[in-house]
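Q: no FASTA, just this:
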């Protein structure tokens with residue numbers, strides 16, 4: 001496997017009160033491509049990255065503008081402004097300097113955006129807000145169903161409302177002037193034709209020469225499909241079915257000419273070339289519209305980050321399709337030391353005694369991490385369950401639990417493939433384990449199980465409590481509910497004692513070490529001292545935390561678009577062991 005230097009993807013954040021911090025870059029799941037004058041604007045979750053594609057065979061990254069909040073969509077507002085939809089509202093940037101000129105706050109953020117030289121329209125949790133380019137609210141359009149896509153056609157705003165219709169509005173008066181019975185998921189405009197991706201109904205071509213009086217020209221590609229994204233390049237229209245199908249249409253007349261099996265999560269175009277983002281860690285591929293072959297790509301060590309665990313020196317990062325090992329001893333100078341591809345990699349990760357388990361969608365990947373510089377994929381256990389699934393490591397077994405197929409005690413050392421040797425039927429939301437005590441969680445209950453005899457699961461105790469997430473922190477089991485945190489002592493492993501309940505209204509994802517709970521709330525981390533316990537605020541930022549892990553004050557966060565690293569610098573790890581030399585006679 002070819003290893004590329006981490007420096008391509010390394011981003012630093014400001015130092016915190018914990019003395020040192022870092023952010024190791026990764027691309028997000030939701031993204032949008034825009035293009036102008038041979039520059040692609042990649043709205044990649046963490047901000048906006050710009051690429052020069054004037055020579056597709058040698059794509060250059062111009063720069064990355066980091067935003068305070070998750071970026072979701074973008075649109076050009078006239079010739080000199082980029083309007084960006086974020087998890088907190090809308091941010092406006094001057095082009096080409098990418099200087100932020102204005103922030104429009106919107107509770108709940110905006111999911112989709114459209115703009116012209118006069119107005120910005122943003123899809124919100126309850127409809128559409130329309131603003132002037134200076135940020136003044138013009139009006140609100142409310143809908144009972146989510147808005148899937150927005151587009152300005154001349155001075156008219158097209159709004160695709162899920163399971164309703166494609167509506168046409170006069171943004172100044174707020175009046176609906178037309179509607180088409182199309183359930184559209186994306187829109188793309190070329191001259192006087194608007195194309196709509198309509199899921200199983202394929203693609204519609206709509207005449208918008210008179211924006212207030214649209215009419216359907218044709219429809220193609222309907223059937224056993226789910227077309228949700230569109231881009232126009234040359235004489236062709238491209239529709240994507242995430243995660244792995246690209247449909248190619250001729251536009252005149254509208255007809256499906258090719259179905260390509262390829263990883264595709266986002267598409268875009270500059271009118272001449274197609275841009276594609278898949279699931280292989282390559283943020284940008286440039287595709288010729290006729291040959292549908294790659295003209296070039298920009299390589300980066302990036303893909304959606306979904307899980308992380310740390311021992312305080314190394315972070316084990318789930319960056320599909322890879323597991324990466326990052327030296328985090330110096331948070332501001334994090335560096336990758338190893339990377340392996342995991343077949344059928346799952347989402348979240350836990351580590352214990354030289355073993356890592358990656359879990360989340362019914363399977364458990366097992367990885368030997370005895371040598372962090374050379375992790376080894378061992379095997380995968382198939383639970384026949386479904387999301388959400390969980391796994392943890394007990395004395396000499398792994399424990400898998402999910403809502404559908406129950407709890408499984410799995411021996412991974414005595415068989416060619418991991419085998420279940422005991423189990424328990426129930427609907428499980430989470431599970432953690434010490435050596436022989438299992439703490440299993442359902443909708444409103446914690447059950448303590450004994451697996452001292454590895455082939456039998458014995459119920460020992462149960463507690464009624466709300467549950468969203470649970471973690472083991474030394475001799476404590478910590479349970480997050482919608483009303484706060486419950487802290488249990490497990491000095492007696494089969495008879496936990498509740499030590500404290502810390503009220504917090506709807507806390508976010510958390511991680512904990514033996515002294516402190518760290519949890520996400522309103523874009524930052526809050527912490528709870530387990531000895532007190534008292535809640536304190538911090539200046540450690542988070543955007544979309546998927547998993548947190550903490551050891552001795554070192555906190556690592558799989559923040560969907562980036563790995564964030566906070567805490568003090570610690571001693572560097574020892575160098576990798578020397579490679580074993582073969583004997584002369586071998």
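A: Okay, I see it. From a predicted model like this one, the values you see are computed outputs, not experimental measurements.
Q: Report pLDDT for residue 66.
A: pLDDT recorded at residue 66 is 80.
Q: With adjacent residues omitted, what lies nearest to it?
A: Excluding the flanking residues, the one nearest residue 66 by C-beta to C-beta, 6 or more residues apart in numbering is residue 47, at 4.3 Å. Any C-beta I mention is one placed from the backbone N, CA and C, and that applies to glycine too.
Q: and if you look at residue 330?
A: That would be residue 569: by C-beta to C-beta, 6+ apart, it lies 4.8 Å from residue 330.
Q: and that neighbour, how many neighbours does it have?
A: 14 (other C-beta atoms under 10 Å).
Q: now residue 116
A: Residue 116 has 20 nearby residues by other C-beta under 10 Å.
Q: Spit out the contact partners of it.
A: 77, 78, 152, 155 (C-beta atoms under 8 Å, 6 or more residues apart in numbering).
Q: before we move on, what about residue 104?
A: Per C-beta under 8 Å, 6+ apart, neighbours of residue 104: 89, 90, 91, 92, 120, 122, 131, 135.
Q: Please indicate which of the residues you listed are buried?
A: 89, 90, 91, 92, 120, 122, 131 (16 or more other C-beta atoms under 10 Å).
Q: Looking at the residues you listed, spot the one nearest residue 241.
A: residue 122 (26.3 Å; C-beta to C-beta).
Q: if I look at the residue nearest to the closest one when sequence neighbours are not counted, how far off is residue 86?
A: Once flanking residues are discounted, residue 122 sits nearest to residue 110: 3.5 Å by C-beta to C-beta, 6+ apart. Distance of residue 110 to residue 86, given as C-beta to C-beta, to the nearest Å: 7 Å.
Q: now residue 39
A: Going from residue 39 to residue 86 by C-beta to C-beta gives 21 Å.
Q: Name the residue in these two with the higher neighbour count.
A: Taking other C-beta under 10 Å, residue 39 and residue 86 do not tie; residue 86 has more neighbours (27 against 16).
Q: before we move on, the earlier item: quick one: the residue nearest to residue 66 and residue 68 touch, right?
A: No: contact between residue 47 and residue 68 fails when scored by C-beta atoms under 8 Å: they sit 9.2 Å apart.
Q: Compare these two (neighbour count), which wins?
A: Neighbour comparison, residue 47 and residue 68: the larger count goes to residue 47, with 25 against 15 (by other C-beta under 10 Å).
Q: tell me the contacts of that one?
A: Applying C-beta under 8 Å, 6+ apart, we find residue 47 in contact with 64, 65, 66, 67, 71.
Q: Mind picking the two most distant members of these?
A: 64 and 71 (11.0 Å).
Q: Please enumerate the shared neighbours of the two.
A: With C-beta under 8 Å, 6+ apart as the test, residue 64 and residue 71 both reach 46, 47, 48.
Q: Okay, and which of the residues you listed map to strands?
A: 47, 48 (DSSP state E).
Q: List just the nearest of the shared contacts of residue 64 and residue 71 to residue 433.
A: Proximity of those to residue 433 (C-beta to C-beta) peaks at residue 46, which lies at 34.3 Å.
Q: And the closest one, how far from residue 264?
A: Distance from residue 46 to residue 264, counting by C-beta to C-beta: 21 Å.
Q: Next: residue 185.
A: From residue 185 to residue 264 the distance is 14 Å (C-beta to C-beta).
Q: and those two? which has more neighbours close in?
A: More neighbours surround residue 264 than the other of residue 185 and residue 264, with 24 against 18 (other C-beta under 10 Å).
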